[in-house]
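Enquirer: Quick one, fold the following:
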Amino acid sequence: MQLFLEQMLNGLQFGVTLLLMASGLTLVFGIMNLINLAHGSLFMIGAYVGATVVARSGSFFLGLICGMGAAAIAGMVMEVAIMRRLYRRDHLDQVLATFGLILFFNELVRMVWGRQPIAMSTPAWLSGSVEIIPGIPYPEFRLAVIVVGALVIGLLYLLIMRTRLGMWIRAGASDRETIGALGVNIRLLYTLVFGLGACLAGLAGVMAAPFLAVQSGMGENILILTFVVIVIGGIGSIKGAVAGALLIGVADTLGRVYLPPLAALWLPPAAASNLGTSLASMLIYLVMAAVLAVRPQGLFGGAHGS
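Expert: Numbering: from 1, shown residues only. Next up, the predicted model:
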């Protein structure tokens with residue numbers, strides 16, 4: 001029972017990281033109808049800048065702010081310089097252009113930080129553990145990731161559903177021409193939305209850096225999982241992003257822990273290990289296939305920004 005509860009919390013923490021990525025990408029795709037494969041590069045930039053600032057200053061909070069800021073600035077510059085030219089192009093052009101940006105950012109971080117991975121340690125004040133349930137300790141930093149993610153998503157919901165900017169964002173997702181005719185600066189709105197999505201990716205990068213090797217190309221793997229989350233939840237739906245991220249986070253974590261020993265009940269140890277590991281890697285795609293078989297539009301497909 002202790003192992004199960006710990007892995008459920010680990011899955012929730014991983015799901016929150018995916019949610020921070022998916023919510024930003026959902027905003028961009030749902031509002032701008034733009035496929036941005038370089039979203040994972042913004043995750044990487046946040047992780048690199050955050051790890052560097054933490055190493056030099058010793059302040060995790062400063063590293064968090066700088067990582068988020070660097071990703072937001074990079075995202076807004078990307079939107080102004082490149083993305084604006086892609087809004088009216090088809091998705092193939094968007095995929096090719098943003099794939100080129102992946103290559104650019106990977107080479108850029110190699111030039112600035114080198115080819116060797118860098119590590120980021122957890123802050124000393126969050127390096128202990130806390131008993132969620134008596135007798136079951138859980139790392140404070142992982143718990144902090146869950147809490148921060150929940151707060152950010154709550155604030156994002158309030159921003160979209162309870163503010164004038166959120167009203168413009170929701171209106172822009174439904175009819176960009178009409179809201180532009182009403183006097184809203186669509187270009188500025190798109191830049192702000194893209195910067196917000198990039199900021200969330202940077203936050204995810206800094207919060208995930210202590211668990212990962214910060215290295216060139218680290219954004220590609222989480223980008224694939226992020227697209228799985230969006231497809232499961234429904235394109236353009238923040239509510240769907242929440243459901244999809246938590247589902248994938250828990251399924252992936254529990255699958256990697258429990259599928260190998262389950263396979264060992266029927267197979268020799270070596271074969272069970274190989275089969276269990278392979279099935280664990282496939283599990284999230286099987287979950288996606290099962291959801292799409294029942295709801296082809298995703299769990300909350302069509303609910304833009306909700």
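Enquirer: Name the nearest residue to Tyr285, ignoring sequence neighbours.
Expert: Val228 (7.1 Å; CB to CB, 6 or more residues apart in numbering). (Glycine included, C-beta is placed from N, CA and C.)
Enquirer: check contacts around the one you found.
Expert: By CB atoms under 8 Å, 6 or more residues apart in numbering, the contact set of Val228 is 244, 248, 284-285, 288.
Enquirer: Now rank those by neighbours and give me the top one.
Expert: Using other CB atoms under 10 Å as the neighbour test, those are led by Gly244, with 31 neighbours.
Enquirer: May I have the phi/psi pair for that residue?
Expert: The phi/psi pair for Gly244 (degrees, to the nearest 10) reads phi -70, psi -40.
Enquirer: what about it, distance to Gln94?
Expert: 22 Å (CB to CB, to the nearest Å).
Enquirer: which of the contacts of Val228 sit farthest apart?
Expert: Using CB to CB, the two most remote members of those are Gly244 and Tyr285, lying 13.0 Å apart.
Enquirer: Run through the stretch 151-300 of the chain and note the low-pLDDT ranges.
Expert: 172-176 (pLDDT under 70).
Enquirer: Next up, the contacts around Ile45.
Expert: Ile45 makes contacts with 67, 70-71, 74, 105, 109, 202, 205, as judged by CB under 8 Å, 6+ apart.
Enquirer: Just the buried ones from these?
Expert: Neighbour counting by 16 or more other CB atoms under 10 Å classes 67, 70-71, 74, 105, 109, 202, 205 among the contacts of Ile45 as buried.
Enquirer: Is it possible to get CSV of the residues you listed that adds distance to Pro296 and secondary structure?
Expert: Listed next are the buried ones among the contacts of Ile45 as CSV, based on distance: CB to CB, whole Å; DSSP: H, G, I helix; E, B strand; the rest coil:
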residue, distance to Pro296, secondary structure
Gly67, 37, helix
Ala70, 38, helix
Ala71, 33, helix
Ala74, 35, helix
Phe105, 33, helix
Val109, 38, helix
Gly202, 33, helix
Gly205, 32, helix
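Enquirer: mind listing the helices for the stretch 1-150 of the chain?
Expert: Secondary structure of the stretch 1-150 of the chain, counting by DSSP state H, counting those that start in this stretch: helices at 2-32, 39-57, 60-81, 91-113, 140-162.
Enquirer: Let me know the angle separating the longest one from helix 140-162.
Expert: Compare the direction of helix 2-32 with that of helix 140-162 by axes from the mean of the first three to the mean of the last three CA atoms, to 10 degrees and you get 30 degrees.
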